[in-house]
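1. Turn this into a model:
(one chain, ligands or ions: 1)
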Amino acid sequence: SNSSRHRGNLAPGPYPFPIIGNIFDLGRKPHQSLAKLSKTYGPLMSLHLGSKYTVVVTSPEMAKEILQKNDKVFSSRNIHVAAQAHDHHNHSMGYLPVGSQWNKIRRLCREQLFSIQCLEAGQGLRQEKLRQLCDYVQECCLSGQVVDIGKAAFTTTLNLMSVTLVSVDFSNYKGSDSSNEWEEAILGVMNVVGIPNFADFFPILKLVDPQGVKRKADKCFGRLLEMFEDIINQRIEYSKNNNSTKKKDLLEVLLDPTHGSEYNLSSFEIKHLLLDLIVGGSDPTATIIEWAMTELLRNPKIMSTAKDELKSVLGGNKQAKESDILRLPYLQAVVKETFRFHPPGPLLIPRSSDYDTDIMGYLIPKNTQIIVNVWAMGRDSSLWSNPDSFEPERFLNNKVDFKGRDFELIPFGAGRRICPGMPLTDRMVHLVLAYLIHNFDWVIGKQTEADDTGEKFGLSLHRAAPLKALPIKP
Ligand code: HEM
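-> Here you go, the predicted structure:
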């Protein structure tokens with residue numbers, strides 16, 4: 001509230017211009033501009049983004065205060081305009097406040113998707129999806145065609161998700177972007193959620209919608225939700241006629257009157273859940289694979305160390321099994337180092353404070369937007385030696401992991417709202433990388449291609465130019 005602002009001592013920050021606040025400080029790469037600003041103002045920094053009071057967190061200590069010690073206050077999401085399309089924020093696991101509905105959906109995902117039993121049971125499916133990636137890369141290898149690594153990884157993870165959820169492949173390796181209705185609808189939602197929207201910072205603009213974000217969001221969310229609704233209706237019809245042959249996917253569990261009633265989700269809620277899982281899962285997983293390959297191609301010595309390890313552990317087997325991952329510590333270190341250096345969500349997903357709180361002597365008022373700059377923490381020289389170079393070795397003989405306990409490395413967030421998909425991503429990323437590294441030598445047209453580590457800010461932090469490389473048989 002306003003009166004509390006006068007009482008308390010707000011965190012330091014740049015001087016806000018009237019009305020506009022610090023919005024122009026953000027620029028096109030907000031994670032980088034914010035990293036620079038917090039060097040001046042410290043690990044808990046105030047920004048007035050239009051009328052949206054925002055606190056930016058840039059140290060492991062502060063992140064722990066916010067995401068763990070005071071997680072009762074800071075577990076709500078900041079609700080932006082695009083997320084309100086079709087009332088999504090009121091039904092979505094990603095946006096609902098912590099409470100009974102959010103708990104119910106999180107529990108459902110924990111029990112029916114990400115439990116150890118579910119993950120073990122899903123291994124065969126992941127091997128099958130990996131085989132489809134293999135076929136595609138083999139074919140490119142034989143015909144001398146480059147592979148767009150991010151795109152191929154996106155197809156793999158998207159299909160894995162879509163088959164797990166509804167038993168349909170949403171993507172194919174060869175189709176052009178526009179030929180695929182699902183991909184187009186999913187990318188549409190991803191883009192509209194990723195655009196920084198001025199109306200989020202100036203409530204008065206919500207009606208004007210100057211960039212048309214609200215209009216676009218209504219259209220894109222509407223289309224994707226409708227496509228899920230069709231799938232749900234088709235399944236209900238199918239089940240009526242095929243009582244005995246049940247599909248083995250999440251949708252079946254949710255619609256099964258004996259099982260589903262435990263969670264009791266309406267088909268309205270189911271389509272919002274499917275949207276969250278599909279949109280939230282595929283892109284960041286593909287992004288981390290693309291960045292890992294980028295760094296391996298830029299650092300031939302690291303690539304050859306990774307290849308040697310795979311050769312000794314997998315030998316003549318082309319595909320790794322999930323039980324092999326434990327025996328691949330160097331590959332694990334490559335993945336951790338990629339999460340440090342290129343976190344797909346550089347600013348996590350903003351939270352919001354539920355009431356006024358004191359953090360290390362500073363007042364954080366109710367409804368403050370909370371941003372955690374994990375990108376900046378990953379490049380902080382007081383936390384990491386040589387933070388600007390890619391050195392997986394730093395994670396050998398070192399217990400630091402990205403599971404939410406070590407606050408210097410939290411690409412999946414932390415606390416009760418940590419990314420629920422982390423255990424699945426963990427398996428996928430190692431399997432796909434192991435396959436790509438173990439079976440091919442990769443050649444890029446120009447060395448500059450791999451060295452181009454320019455970033456594009458959006459829902460995930462992508463390479464500005466996609467990584468394309470030619471697979472050849474070693
Ligand atoms: C490299 C891969 C991924 C990264 C870096 C990532 C990152 C994140 C982050 C930073 C958050 C916010 C956590 C917080 O507020 O503390 C989040 C939430 C979420 N993620 Fe992920 N994620 C990944 C993969 C996945 C996958 C595979 C799925 C689904 C299968 C998924 C589904 C979700 C959902 C539904 C939420 C919202 C949870 C909530 O608000 O309660 N993510 N993710």
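
2. make it CA atoms for all contacts and neighbour counts henceforth
-> Noted.

3. after the host helix or strand of Gly222 comes which helix or strand?
-> For Gly222, the element it lies in under DSSP states H and E is helix 213-241. Using DSSP H and E, the helix or strand that follows helix 213-241 in sequence is helix 250-255.

4. Give me the helices and strands touching that next one, please.
-> Counting by 3 or more C-alpha pairs under 8 Å, 6 or more residues apart in numbering; DSSP states H and E, the packing neighbours recorded for helix 250-255 are helix 149-166, helix 257-260.

5. now the strands for this protein?
-> For the chain, the strands defined by DSSP state E cover 44-49, 52-57, 76-77, 147-148, 351-352, 357-359, 362-364, 369-372, 441-443, 455-456, 462-463, 468-472.

6. before we move on, the earlier item: could I get the helices and strands packed on helix 250-255 as JSON lines with mean neighbour count and mean pLDDT?
-> Shown next, in JSON lines, are these (neighbours: other C-alpha atoms under 10 Å; pLDDT from 0 to 100):
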{"stretch": "helix 149-166", "mean neighbour count": "23", "mean pLDDT": "94"}
{"stretch": "helix 257-260", "mean neighbour count": "12", "mean pLDDT": "69"}
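
7. re earlier: let's have the strands of the chain in JSON lines, adding distance to the ligand, mean neighbour count and mean pLDDT.
-> Output for the strands of the chain, formatted as JSON lines (distance: least, C-alpha to the nearest ligand atom, whole Å; neighbours: other C-alpha atoms under 10 Å; pLDDT from 0 to 100):
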{"stretch": "strand 44-49", "distance to the ligand": "17", "mean neighbour count": "24", "mean pLDDT": "91"}
{"stretch": "strand 52-57", "distance to the ligand": "13", "mean neighbour count": "23", "mean pLDDT": "93"}
{"stretch": "strand 76-77", "distance to the ligand": "7", "mean neighbour count": "22", "mean pLDDT": "96"}
{"stretch": "strand 147-148", "distance to the ligand": "18", "mean neighbour count": "18", "mean pLDDT": "94"}
{"stretch": "strand 351-352", "distance to the ligand": "6", "mean neighbour count": "23", "mean pLDDT": "96"}
{"stretch": "strand 357-359", "distance to the ligand": "18", "mean neighbour count": "15", "mean pLDDT": "95"}
{"stretch": "strand 362-364", "distance to the ligand": "18", "mean neighbour count": "20", "mean pLDDT": "96"}
{"stretch": "strand 369-372", "distance to the ligand": "9", "mean neighbour count": "26", "mean pLDDT": "95"}
{"stretch": "strand 441-443", "distance to the ligand": "23", "mean neighbour count": "17", "mean pLDDT": "94"}
{"stretch": "strand 455-456", "distance to the ligand": "15", "mean neighbour count": "14", "mean pLDDT": "78"}
{"stretch": "strand 462-463", "distance to the ligand": "12", "mean neighbour count": "22", "mean pLDDT": "80"}
{"stretch": "strand 468-472", "distance to the ligand": "20", "mean neighbour count": "21", "mean pLDDT": "93"}
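
8. and the helix holding Gly222, which residues are buried?
-> Residues of helix 213-241 classed as buried: 213-214, 216-225, 227-229, 231-232, 235-236, 239 (neighbour count, 16 or more other C-alpha atoms under 10 Å).

9. show me what contacts the residue positioned nearest the centre of the chain?
-> Residue closest to the mean C-alpha point of the chain, counted by C-alpha atoms, centre = their mean, is Pro284 at 3.8 Å. For Pro284, the contacting residues are 344-345, 460, by C-alpha atoms under 8 Å, 6 or more residues apart in numbering.

10. so how far is Pro43 from it?
-> Distance, Pro284 to Pro43, using C-alpha to C-alpha, to the nearest Å: 26 Å.

11. quick one: terminal-to-terminal distance for stretch 378-397?
-> End-to-end distance for stretch 378-397, by C-alpha to C-alpha: 19 Å.

12. Quick check: residues of the stretch 51-200 of the chain near the ligand?
-> By C-alpha under 6 Å from any ligand atom, the residues of the stretch 51-200 of the chain that approach the ligand are 93-95.

13. go with 5 Å
-> Gly94 (C-alpha under 5 Å from any ligand atom).

14. Let me see the ranges of the helices in the stretch 51-200 of the chain.
-> Assignment of helices within the stretch 51-200 of the chain using DSSP state H, counting those that start in this stretch yields the ranges 60-64, 100-112, 116-121, 123-143, 149-166, 181-194.

15. all helices for the stretch 351-474 of the chain, in order.
-> Under DSSP H, counting those that start in this stretch, the stretch 351-474 of the chain gives helices at 374-378, 422-439, 447-451.

16. How about the contacts made by the nearest residue to Leu470 once chain neighbours are set aside?
-> Spatial nearest neighbour of Leu470, excluding adjacent residues (C-alpha to C-alpha, 6 or more residues apart in numbering): Val146 at 4.2 Å. Going by C-alpha under 8 Å, 6+ apart, Val146 touches 140, 468-471.

17. Poorly predicted segments of the stretch 301-450 of the chain, please.
-> Applying pLDDT under 70 to the stretch 301-450 of the chain picks out residues 445-450.

18. How about the residues of it by the ligand?
-> 348-349, 412-414, 417-419, 421, 425.

19. what's the distance between the residue in the stretch 51-200 of the chain that the ligand sits nearest to and Leu37?
-> At 3.4 Å from the ligand, Gly94 is the closest residue in the stretch 51-200 of the chain, using C-alpha to the nearest ligand atom. Counting by C-alpha to C-alpha, the gap from Gly94 to Leu37 is 28 Å.

20. what does stretch 148-159 contact?
-> Contact with stretch 148-159 is made by 129-130, 132-133, 168-173, 278, 281-283, 285-287, 289-290, 293, 428, 432, 466-469, as judged by C-alpha under 8 Å, 6+ apart.

21. before we move on, the earlier item: now do the contacts for the residue of the stretch 51-200 of the chain closest to the ligand.
-> Listed by C-alpha under 8 Å, 6+ apart, the contact partners of Gly94 are 77, 276.

22. now the one 4 residues further on
-> Under the criterion of C-alpha under 8 Å, 6+ apart, the contact partners of Val98 comprise 75-76.

23. So for it, what's the pLDDT?
-> Confidence at Val98, expressed as pLDDT, is 96.

24. How much space separates the nearest residue to Gln123 once chain neighbours are set aside from Leu424?
-> Nearest non-adjacent residue to Gln123, counting by C-alpha to C-alpha, 6+ apart: Glu322, 7.4 Å away. Glu322 sits 11 Å away from Leu424, going by C-alpha to C-alpha.

25. Among these two, which residue is more densely surrounded?
-> Shown here are Glu322 and Leu424; by other C-alpha atoms under 10 Å, Leu424 has more neighbours (19 against 16).

26. Report the spatially nearest residue to Lys201, omitting neighbours in sequence.
-> Small correction: residue 201 is Phe, not Lys. Nearest non-adjacent residue to Phe201, counting by C-alpha to C-alpha, 6+ apart: Gly50, 4.8 Å away.

27. From Gly27, how far off is that neighbour?
-> Distance from Gly50 to Gly27, counting by C-alpha to C-alpha: 14 Å.
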